[in-house]
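# Need a 3D model of the following:
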Amino acid sequence: MASTPILPFAQWLSGTNQNSIPANDNARRNQILNGNVISQAVTAQPVSPSEGDIYIIPTSATGAQWATFTAKDLAIYSGGTWYAFAPVAGVTVDIAGTLYSYQSSAWTAVSGGGGGGGSTQGKQTIGITAGSMRPSLTGGCANLNAIAGASNQPDIVTLDFDPTTEEFAQIAIPMPKKWNAGTVTARFRWSHAATTTNFGVVWSIQGLAVSDDDAIAQSYGTAQTATDTGGTTNDLYISGETAAVTIAGTPAKGDTVFFRVSRKAADGSDTLAIDARLHGIDIFVTTDADTDA
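Sure, this is the predicted structure:
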């Protein structure tokens, strides 16, 4: 009498009695519910699978057995062959740390993942307020400015950027280890203090990654911009995202990344004739792990 490869369920050898087939079938189903799915994107039937390997069959699967299976089925390799089982609503599996539940004829990532949690990998936001930034020592924007709000209303705290000369502000961020060390994007939160004829503002950001024992004195990477249009005094405006910002240096997990922000006053799309007030920026990074362990 043999055992299943993931959990020690007994399997009767086929032909010993009429219970062997349903017993083996149930054992494999239990393995799927308690095992980890390797992938739902692999289309070619693996050449050298390991005992107990589990996959979700994708559309247009190929291979002697996989081509006969139905897309979205759960397939397990057991005893030298592949077996496929149609999922039922509510079945949940783990794929590379992310929980997926079969609902409405589709495998869907589980948000929150109660009792273990879904993955937190992917696009994440690092929010930075103007008070966390400072004017650059060379060509810097105005110092942090605070305008008192009316009673029981927020104060307006900003870094102000000139309409005719490009000015800069900086911030250094110790990046999380789960950052994938790739490109980032950004958007800008801003306002203006008076009504004028034109309201276009072009914001810019560039970055430099510095690892342990690296020189800080290095050049920033190529800047990317976001253009936005104001219109109403003291309204908060939020720009769209920049294109992907390539961080200079040799980015690595846990690096300190120095960011420099400016207003591209000479850009033809920057038409606001007064200071543009920066309230903060959102930097979007991509993570490839759930923790910084």
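
# Would you mind giving the domain segments of this structure?
The record's domain parsing of the chain by automatic domain parsing lists 2-109, 122-287.

# and among these, the most buried is which?
domain 122-287 (a mean of 17; mean count of other Cβ atoms under 10 Å). Just so you know, the C-beta spots here come from the backbone N, C-alpha and C atoms, and that holds for glycine as well.

# can you give me the end-to-end distance of that one?
Its start and end residues considered, domain 122-287 measures 5 Å (Cα to Cα, to the nearest Å).

# can you give me the strands in the stretch 51-200 of the chain?
Using DSSP state E, counting those that start in this stretch, the strands of the stretch 51-200 of the chain run over 54-56, 74-78, 81-85, 92-95, 98-103, 106-109, 122-129, 134-135, 145-147, 156-161, 168-174, 185-191, 200-210.

# Please convert the domains of the chain to JSON lines, extending it with mean pLDDT.
Shown next, in JSON lines, are the domains of the chain (pLDDT from 0 to 100):
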{"stretch": "domain 2-109", "mean pLDDT": "76"}
{"stretch": "domain 122-287", "mean pLDDT": "96"}
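
# which one is residue 292 nearest to, not counting chain neighbours?
Nearest residue to residue 292, sequence neighbours excluded (Cβ to Cβ, 6 or more residues apart in numbering): residue 177, at 4.1 Å.

# Next, work out how far apart that neighbour and residue 97 are.
In this structure, residue 177 and residue 97 are 16 Å apart, going by Cβ to Cβ, to the nearest Å.

# Can you say which of the domains of the chain is nearest to residue 293?
The closest of those to residue 293 is domain 122-287. By Cβ to Cβ, the value is 7.9 Å.

# mind listing what residue 223 touches?
By Cβ atoms under 8 Å, 6 or more residues apart in numbering, residue 223 lies in contact with 204, 205, 206, 245, 260, 262.

# Look up how far residue 38 lies from the third one.
It stands for residue 206. Distance from residue 206 to residue 38, by Cβ to Cβ: 40 Å.

# I'd say residue 274 and residue 195 touch.
No - counting by Cβ atoms under 8 Å, residue 274 sits too far from residue 195 to count as a contact (9.4 Å).

# shouldn't residue 89 be in contact with residue 106?
No - with contact defined as Cβ under 8 Å, residue 89 does not count as touching residue 106 (10.4 Å).

# where along this structure do the helices fall?
All helices of the chain, identified by DSSP state H, fall at 20-34.

# What values do phi and psi take at the residue nearest to residue 155 when sequence neighbours are not counted?
Leaving aside its sequence neighbours, residue 155 sits nearest to residue 149 (Cβ to Cβ, 6+ apart; 5.0 Å). Backbone torsions for residue 149, taken as degrees, to the nearest 10, come to phi -80, psi 170.

# can you check the one 5 residues further on too?
Backbone dihedrals for residue 154, given as degrees, to the nearest 10, come out at phi -70, psi 140.

# State the distance from it to residue 218.
Distance from residue 154 to residue 218, by Cβ to Cβ: 38 Å.

# what's the answer for residue 194, then?
Distance from residue 194 to residue 218, by Cβ to Cβ: 39 Å.

# cool, residue 175 as well?
The gap separating residue 175 from residue 218 is 16 Å, by Cβ to Cβ.

# Same check on residue 123?
Counting by Cβ to Cβ, the gap from residue 123 to residue 218 is 27 Å.

# same question, residue 240
Going from residue 240 to residue 218 by Cβ to Cβ gives 29 Å.

# Report the distance from stretch 207-219 to the chain centre.
24 Å (Cα atoms, centre = their mean, to the nearest Å).

# circling back: which residues are in contact with the residue nearest to residue 292?
Residue 177 touches 253, 254, 289, 292, 293, counting by Cβ under 8 Å, 6+ apart.

# Would you mind giving those residues as a markdown table with distance to residue 127 added?
Below are the contacts of residue 177 laid out as a markdown table (distance: Cβ to Cβ, whole Å):
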| residue | distance to residue 127 |
| --- | --- |
| 253 | 21 |
| 254 | 20 |
| 289 | 21 |
| 292 | 18 |
| 293 | 24 |
